[in-house]
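Q: Next input, structure requested:
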Amino acid sequence: MAASTAKTIASLIADFLQHDTRTAASPEQLQCVSQGASGRWIMRYLPPEGSSVICIYWTSDREDNASFIPALRGLLKEGVHVPQLYACRDLGEGCGVCSVEDLGNRTLLSLREEKTETLRCTYENVLYCLDDLHRTQPDWPLQPAFDETLYNWEHEYFAKYLLAQHHNRPDLAQSFLDALPRKKVISFLSSLPRRPIHRDCQSENILLHDSKVYFVDFQGMRLGLPEYDIASLLYDPYMDISVQLRTELLEYRQNMPHSLPLRKELVELCAIQRILQALGAYANIAHNKKKTHYLQFIPTGEKILLDHCSRIASSSPAAPFAECVRSVLLPLF
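A: The predicted structure follows:
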């Protein structure tokens, strides 16, 4: 991000803090946390005394940016673990600024190198809190629900950016898009009952603070399958947890008291769906947005996807789709 843009945003946020929260803030007291990804700037206000706060400025670059505040207020009302909202200001034309509770920088991803038992306990806590999110009854606007259009968009995203652009195999991209099992999966998933889901429940969007887990970046909330969130969490290429731990966590979630029912075959299908989307995103961001460090996650994601597909039993409803995916990935190696 250009230094001039950073200074402009810092000045805007400082003005917001001064007038809306009566905080004697200056731009120099703002530390950049996230540099303008998708039209969102996140800065930490560090006062000489007292507690820091997180300030978020957003533009209309993405349609879901304006959904953050309604979702935050709704989730707080429902008792879901999210940051507290202190103040917000509508800047018009899809833009706005707010200040929220500073929960620190410790994410689930920061535990990547921790011992298995530490990971297991934290993941169990996340799964418990995620069930609370799935049980909410939103009275605030959500993003468009998962339907045939969105499932198909995720497949096209994978085909266009991972297969055709990153691997330079437009033939495999077209073969994937033409495959009948792919089209049947879209129809099947779209026919199922939906609940509120986070939509991007991966390790960087889960903060750890005072022995609790908190969800952030939930502006993409929509109706979908809870299994999609669970697959996003347990098949996250950023973390790359062991197959054994993933299996144990799925068993824990299936047996978790008073939780929503979990269907194994849907987790199998949603894991494929989610990793396809993630691989498309890594390739697009790396090649087209010049954030090349995302390239390192592509081999990991492909490995997890191929391994997952190879473990799906032939009797599973996910088997035809798994074989379809294998048929376009294996020629790449």
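Q: in stretch 261-275, what's buried?
A: For stretch 261-275, burial by neighbour count (16 or more other CB atoms under 10 Å) applies to 262, 266-275. Where you see a C-beta, it was placed from the backbone N, CA and C, and this is true even at glycine.
Q: Same check on stretch 317-328?
A: For stretch 317-328, a neighbour-count test (16+ other CB under 10 Å) marks 317-322, 324-325, 328 as buried.
Q: And the helix or strand Ala278 falls within, what does it pack against?
A: Assigned by DSSP states H and E, Ala278 belongs to helix 264-288. Packing partners of helix 264-288 (3 or more CB pairs under 8 Å, 6 or more residues apart in numbering; DSSP states H and E): helix 148-157, helix 180-190, helix 226-234, helix 243-254, helix 297-311, helix 319-329.
Q: sorry, back to before: and the buried residues of stretch 317-328, which is closest to Arg182?
A: Using CB to CB, Cys324 comes nearest to Arg182 of the buried residues of stretch 317-328, at 5.7 Å.
Q: Need the pLDDT of the closest one.
A: pLDDT for Cys324: 98.
Q: Out of the helices and strands packed on helix 264-288, the one nearest Gln174 is which?
A: helix 319-329 (9.8 Å).
Q: May I see the buried residues of stretch 231-249?
A: Those would be 231-237, 239, 241, 245-246, 248-249, for stretch 231-249 by 16+ other CB under 10 Å.
Q: Among those, which one sits closest to Lys290?
A: Nearest to Lys290 among these: Pro237, at 20.1 Å, using CB to CB.
Q: neighbours around the closest residue to Asp139 other than its chain neighbours, how many?
A: Leaving aside its sequence neighbours, Asp139 sits nearest to Gly74 (CB to CB, 6 or more residues apart in numbering; 6.7 Å). Gly74 has 21 neighbours, counted by other CB atoms under 10 Å.
Q: Let's have the buried residues of stretch 261-275 in a markdown table, adding pLDDT.
A: Shown next, in a markdown table, are the buried residues of stretch 261-275 (pLDDT from 0 to 100):
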| residue | pLDDT |
| --- | --- |
| Leu262 | 95 |
| Leu266 | 97 |
| Val267 | 98 |
| Glu268 | 97 |
| Leu269 | 98 |
| Cys270 | 98 |
| Ala271 | 98 |
| Ile272 | 98 |
| Gln273 | 98 |
| Arg274 | 98 |
| Ile275 | 98 |
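Q: okay, the residues you listed in CSV with distance to Arg199 next?
A: Formatted as CSV, the buried residues of stretch 261-275 follow (distance: CB to CB, whole Å):
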residue, distance to Arg199
Leu262, 18
Leu266, 16
Val267, 16
Glu268, 19
Leu269, 16
Cys270, 12
Ala271, 15
Ile272, 17
Gln273, 12
Arg274, 10
Ile275, 15
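Q: returning to that earlier point: in TSV, list the buried residues of stretch 231-249 along with pLDDT.
A: Putting the buried residues of stretch 231-249 into TSV (pLDDT from 0 to 100) gives the following:
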residue	pLDDT
Ala231	98
Ser232	98
Leu233	98
Leu234	98
Tyr235	98
Asp236	98
Pro237	98
Met239	97
Ile241	97
Leu245	98
Arg246	98
Glu248	98
Leu249	98
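Q: which of those lies closest to Asn168?
A: Pro237 (21.3 Å).
Q: does the closest one count as helix, strand or coil?
A: Classification of Pro237 using DSSP: H, G, I helix; E, B strand; the rest coil returns coil.
Q: One more: Lys7?
A: Lys7 ends up helix, using three-state DSSP.
Q: which residues touch the nearest residue to it once chain neighbours are set aside?
A: In space, and not counting its chain neighbours, Lys7 is closest to Pro27: 6.5 Å by CB to CB, 6+ apart. Applying CB atoms under 8 Å, 6 or more residues apart in numbering to Pro27 gives the contacts 7, 10-11, 13-14.
Q: and what of Arg253?
A: So Arg253 contacts 127, 230, 259, 262 (CB under 8 Å, 6+ apart).
Q: Check what pLDDT the residue nearest to Lys7 gets.
A: In this model, Pro27 is scored at 95, pLDDT.
Q: Which phi and psi values does it adopt?
A: The phi/psi pair for Pro27 (degrees, to the nearest 10) reads phi -60, psi -30.
Q: What number of residues are in the vicinity of Phe68?
A: For Phe68, using other CB under 10 Å, the count is 23.
Q: Kindly format the C-alpha coordinates of the helix or strand that contains it as CSV.
A: Using DSSP H and E, Phe68 maps to helix 68-78. Presented in CSV, the C-alpha positions along helix 68-78 are these (Å, rounded to 0.1, in the frame of the first residue of the first chain):
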residue,chain,number,x,y,z
PHE,A,68,-19.5,-6.5,8.7
ILE,A,69,-21.3,-4.2,11.2
PRO,A,70,-24.8,-5.8,10.8
ALA,A,71,-23.2,-9.2,11.2
LEU,A,72,-21.1,-8.1,14.2
ARG,A,73,-24.1,-6.6,16.0
GLY,A,74,-26.2,-9.7,15.3
LEU,A,75,-23.6,-12.2,16.4
LEU,A,76,-23.0,-10.2,19.6
LYS,A,77,-26.7,-10.3,20.3
GLU,A,78,-26.7,-14.1,19.7
